[in-house]
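Chemist: Here you go, sequence then predicted model.
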Amino acid sequence: MSQTQATTIPTVTLNNGVKIPQLGFGVFQVPEEDTQRIVEDALETGYRHIDTAAAYRNETGVGAAIAASGIAREEIFITTKLRNGEQGLVYEAFQNSRNALGLDYVDLYLIHWPVPSQGLFTKAWNAMENLYADGLAHAIGVSNFLEPHLDSLRAASGITPAVNQIEIHPTFQQRDLVDTSRSRGIAVEAYSPLGQGADLDAGPVKHLAAKHGVTPAQIVLAWHLHTGNIAIPKTSSPKRMRENFDAAAITLTAAELISINALEQGNRIGADPATAAFTQF
């Protein structure tokens, strides 16, 4: 299947009217020295949504790729995130990220983890509201927020997060949190959307890949898109970048989607947001 040039990535309209490409490209664990080349490859493939974070230590490479691409800034959607250890220093942290990226604004700025033990995430959110009001971030949101954390924000703020970026893949779907987020007007974005590769060997995924003549990763990404998730797969391979991009052209039936839904096992890969307390330094 080679449809990259014909494939159109759908967009999701956030609760403030900003549009985000539903399929993006993540750079978690991409070494700084490789980031510019890999992001340039992603942009050449057709991706227009790049997800990074201060904690990934590769914002500079992302910015260099954007500058080298020649693509108009307004055509590229850039997400970055606030380090856990900087929840009390939002403005300074944001400026450091903006300078590293070489951008006048970011499209989406997220609190990376709630770290409830610090007791700072609502203060951080209030500071991010100012970045949003000043146009420095076109949308603000959260990552790894569970329902109690969302409740705390709702009690402390009049601005609802635009996005909740959480771990979602076929064996860990967080359906209750997804439903809660969406019921509040918060778009759901899936990180580790392929289960860091672990979910690609599931029987129904392999069966559907063979049936459609595509890769298991394409099937899982098509499942995300059909179920309304924004997804940000990561790969350093241009071939897999193209394959993942073309997942947007795959149509799955309701029965096929149900067969993937049935893979839920509660297999969390990352840390538990209820207790995670690392600083990311």
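Modeler: That came through fine. Bear in mind the structure is a predicted one, so any value in this text is a computation, not a measurement. Numbers count the residues shown, from 1 in each chain.
Chemist: show me where pLDDT drops low in the stretch 1-150 of the chain?
Modeler: Across the stretch 1-150 of the chain, residues meeting the criterion (pLDDT under 70) sit at 1-5.
Chemist: which phi and psi does the closest residue to residue 247 other than its chain neighbours have?
Modeler: Nearest residue to residue 247 in three dimensions, chain neighbours excluded: residue 221, at 3.6 Å (Cβ to Cβ, 6 or more residues apart in numbering). Glycine gets a C-beta too; all of them are placed from N, C-alpha and C. Main-chain torsions, residue 221, degrees, to the nearest 10: phi -70, psi -40.
Chemist: Ok, residue 82 next?
Modeler: Dihedral angles (degrees, to the nearest 10) for residue 82: phi -80, psi 130.
Chemist: does it really touch residue 106, like I thought?
Modeler: No. If you go by Cβ atoms under 8 Å, residue 82 and residue 106 don't touch, sitting 11.0 Å apart.
Chemist: Give me the more crowded residue out of these two.
Modeler: Each of residue 82 and residue 106 has its neighbours counted (other Cβ atoms under 10 Å); residue 82 has more, 29 against 24.
Chemist: give me every residue that touches that one.
Modeler: Under the criterion of Cβ atoms under 8 Å, 6 or more residues apart in numbering, the neighbours of residue 82 are 54, 90, 93, 94, 109, 110, 111, 112, 124, 128.
Chemist: what number of residues lie near the fifth one?
Modeler: The tally of other residues near residue 109 (other Cβ under 10 Å) stands at 26.
Chemist: re the thing from before, make sure the residue nearest to residue 247 is actually in contact with residue 22.
Modeler: No. Applying Cβ under 8 Å as the test, residue 221 and residue 22 come out as separate, 10.0 Å apart.
Chemist: Quick check: neighbours shared by these two?
Modeler: Common neighbours of residue 221 and residue 22 (Cβ under 8 Å, 6+ apart) are 231, 248.
Chemist: Among those two, which residue is more densely surrounded?
Modeler: residue 221 (27 against 21).
Chemist: if I pick that one, what's in contact with it?
Modeler: Counted by Cβ under 8 Å, 6+ apart, residue 221 has contacts 23, 193, 194, 231, 233, 244, 247, 248.
Chemist: So which of the residues you listed are in helices?
Modeler: residue 244 (DSSP state H).
Chemist: Name the nearest of the contacts of residue 221 relative to residue 162.
Modeler: residue 231 (16.4 Å; Cβ to Cβ).
Chemist: Return the set of residues that bridge with the closest one.
Modeler: Applying DSSP bridges to residue 231 yields these beta-bridge partners: residue 23, residue 190.
Chemist: Now do the contacts for it.
Modeler: 22, 23, 24, 189, 190, 193, 221, 224, 225.
Chemist: Widest-spaced pair of those residues?
Modeler: 189 and 221, at 13.2 Å, using Cβ to Cβ across these.
Chemist: Now the phi/psi pair for residue 79, please.
Modeler: phi -110, psi 130.
Chemist: beta partners of it?
Modeler: Here residue 79 sits in beta bridges with residue 51, residue 108, going by DSSP bridges.
Chemist: From residue 235, how far off is it?
Modeler: From residue 79 across to residue 235, the span is 18 Å (Cβ to Cβ, to the nearest Å).
Chemist: From the neighbour counts alone, determine which of those two ranks first.
Modeler: Between residue 79 and residue 235, residue 79 has the larger neighbour count (other Cβ under 10 Å), namely 26 against 20.
Chemist: sec struct for the residue of the chain most remote from its centre, please.
Modeler: No residue in the chain sits farther from the centre than residue 211, which is 28.5 Å out by Cα atoms, centre = their mean. For residue 211, the assignment made with DSSP: H, G, I helix; E, B strand; the rest coil gives helix.
Chemist: Residue 15 too?
Modeler: Applying three-state DSSP: residue 15 is coil.
Chemist: re the thing from before, can you pick out the most distant pair from the contacts of residue 221?
Modeler: Taking Cβ to Cβ, no two of the contacts of residue 221 sit farther apart than 194 and 248, at 15.2 Å.
Chemist: ranges for the strands of the stretch 1-150 of the chain?
Modeler: Assigned strands in the stretch 1-150 of the chain, in chain order: 11-13, 19-21, 25-26, 49-51, 77-82, 108-111, 140-143 (criterion: DSSP state E, counting those that start in this stretch).
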